[in-house]
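Trainee: show me how the following folds:
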Amino acid sequence: MKGIIFTEFITIVETQFGLEISQKMFDHANDAGVYTAVGSYDHRQLIKLIMSLSHITNIPAQELQQTYGRLVFPSLLQALPIPDIESDDTFSFIEKVERHIHIEVKKLYPDVTPPKFTFSNQTQSTMILDYHSARCMGYVCMGVLEGCANYFNQSLTIAMQPMNASQSHVRFSLTLTGD
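Mentor: Okay, here's the model as predicted:
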């Protein structure tokens, strides 16, 4: 997993909870907390940090993951090679992530394995999105989807359905509820 995911997570923890909680999180996870945006790290270390933060704050890990996904969206938007998004809306941008952005990210960083999205049953106001990732971070994906809708000033209702026990495959039913 690229280091930007870690550095943004740390920044969000420091902003939302403060430096003291951030340090407690690192201590509890037995983690030195040394990450660079361009480095590559084991995703399990991020999960360990999330679990430690959950233990310290008594906030469920799924809620922390979802909040992180929502809050990290603007930073990812700035960091990724994204062509012309002015004409996009939530659904067209989500499609662009799979059809363009993930391909470009793989070109820039051949060692990464971004999640895979497949789409079905799409209308102007609904979309079925299947998330496939060995990292099993569906709640982060859900938060990113919320962050995307916020960016495009659209209201989105999301239903999340794990398709297997590990949650490496999750189905999201998205419904735009207003403009």
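
Trainee: mind listing what the lengthiest strand in the chain pairs with, with the direction of each?
Mentor: The residue-count maximum for a strand in the chain (DSSP state E) belongs to strand 169-178. Paired neighbours of strand 169-178 in the sheet (DSSP bridges): strand 126-132 (antiparallel), strand 155-162 (antiparallel).

Trainee: out of those strands, the one nearest residue 16 is which?
Mentor: For residue 16, the closest of the strands paired with strand 169-178 is strand 155-162, at 21.5 Å, according to CB to CB. To be clear about C-beta, it is placed using only N, CA and C from the backbone, and glycine gets the same treatment.

Trainee: contacts for that closest one?
Mentor: 90, 138-139, 142, 145-146, 149, 169-179 (CB atoms under 8 Å, 6 or more residues apart in numbering).

Trainee: ok now it, how far from the chain's centre?
Mentor: 14 Å (CA atoms, centre = their mean, to the nearest Å).

Trainee: please apply the same query to stretch 147-167.
Mentor: Using CA atoms, centre = their mean, the offset of stretch 147-167 from its chain centre is 10 Å.

Trainee: gap between the two ends of it?
Mentor: Using CA to CA, to the nearest Å, the end-to-end distance of stretch 147-167 comes out at 21 Å.

Trainee: any buried residues in it, and which?
Mentor: Within stretch 147-167, the residues scored as buried using 16 or more other CB atoms under 10 Å are 147, 148, 149, 150, 152, 156, 158, 160, 167.

Trainee: repeat for stretch 59-68
Mentor: Neighbour counts using 16+ other CB under 10 Å place 62, 64, 65, 66, 67, 68 of stretch 59-68 among the buried residues.

Trainee: and what of stretch 70-90?
Mentor: Buried residues in stretch 70-90 (16+ other CB under 10 Å): 70, 71, 72, 73, 75, 76, 82, 88, 89, 90.

Trainee: and the helices in the chain, which stretches?
Mentor: Counting by DSSP state H, the chain has helices at residues 3-17, 19-29, 43-57, 61-79, 90-96, 102-108, 138-151.

Trainee: mean neighbour count, the ones you listed: which tops it?
Mentor: Neighbour counts (mean count of other CB atoms under 10 Å) averaged over each of these peak at helix 138-151, with a mean of 22.

Trainee: cool, thanks, talk later.
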